[in-house]
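Peer 1: dropping a prediction and its sequence here:
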Amino acid sequence: MQKRMNAWQSGLLATSALAATLFASSQLWHQGHPQWAFLLAFAAVWALISISWASIDFSDKSGKMLAHVVDHNFEGMHERLEYLENELERLGEDLPEWVRKAS
């Protein structure tokens, strides 16, 4: 049975590969080959982004995190609206009768 890599292991591997590629790119730049340096750096960043965004685990985890954040925000807004509605009712009850009729 094959052991799966943890998120930190794949992240460490990807950032190490990106750092090595950017180092090689900077060496190409200093040797007078800016076109190849740019091409190498661009290809490395593009590949890293493509691989990370294509990962099913990344998509699932980020989707669940986003859903949790949205749920938490909606719950907070709902509680705040209920509090404000209760405050308006309470303030309306404290007003004299003639002011309530005028509004």
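Peer 2: That came through, no problem.

Peer 1: and stretch 88-95, what's its mean pLDDT?
Peer 2: Averaging pLDDT along stretch 88-95 gives 80.

Peer 1: do stretch 51-70 as well
Peer 2: Rounded mean pLDDT across stretch 51-70 is 78.

Peer 1: and A44, how many residues sit next to it?
Peer 2: Here the number of neighbours of A44 (other Cβ atoms under 10 Å) works out to 19. No exception for glycine: its C-beta is placed from N, CA and C like everyone else's.

Peer 1: now do the buried residues in the helix or strand A17 falls within.
Peer 2: Using DSSP states H and E, A17 sits in helix 7-30. Residues S10, A14, T21, S25, L28, W29 are the ones in helix 7-30 that count as buried (16 or more other Cβ atoms under 10 Å).

Peer 1: quick one: name whatever helix or strand follows that helix.
Peer 2: Later in the chain than helix 7-30, the nearest helix or strand by DSSP H and E is helix 34-54.

Peer 1: taking helix 7-30 as reference, get the angle to that next one.
Peer 2: Our comparison of helix 34-54 with helix 7-30, counting by axes from the mean of the first three to the mean of the last three Cα atoms, to 10 degrees, yields an angle of 170 degrees.

Peer 1: next, the angle helix 7-30 makes with the following helix or strand past helix 34-54.
Peer 2: As assigned by DSSP H and E, the chain's next helix or strand after helix 34-54 is helix 56-94. For helix 56-94 against helix 7-30, the angle by the same axes, to 10 degrees is 110 degrees.

Peer 1: centre of the chain versus helix 56-94, how much separation?
Peer 2: Between the centre of helix 56-94 and the centre of its chain there are 19 Å (Cα atoms, centre = their mean, to the nearest Å).

Peer 1: circling back to that earlier point, quick one: contacts of the helix holding A17?
Peer 2: Helix 7-30 has contacts (Cβ atoms under 8 Å, 6 or more residues apart in numbering) with 5, 34, 36-38, 40-41, 44-45, 48, 51-52, 57, 61.
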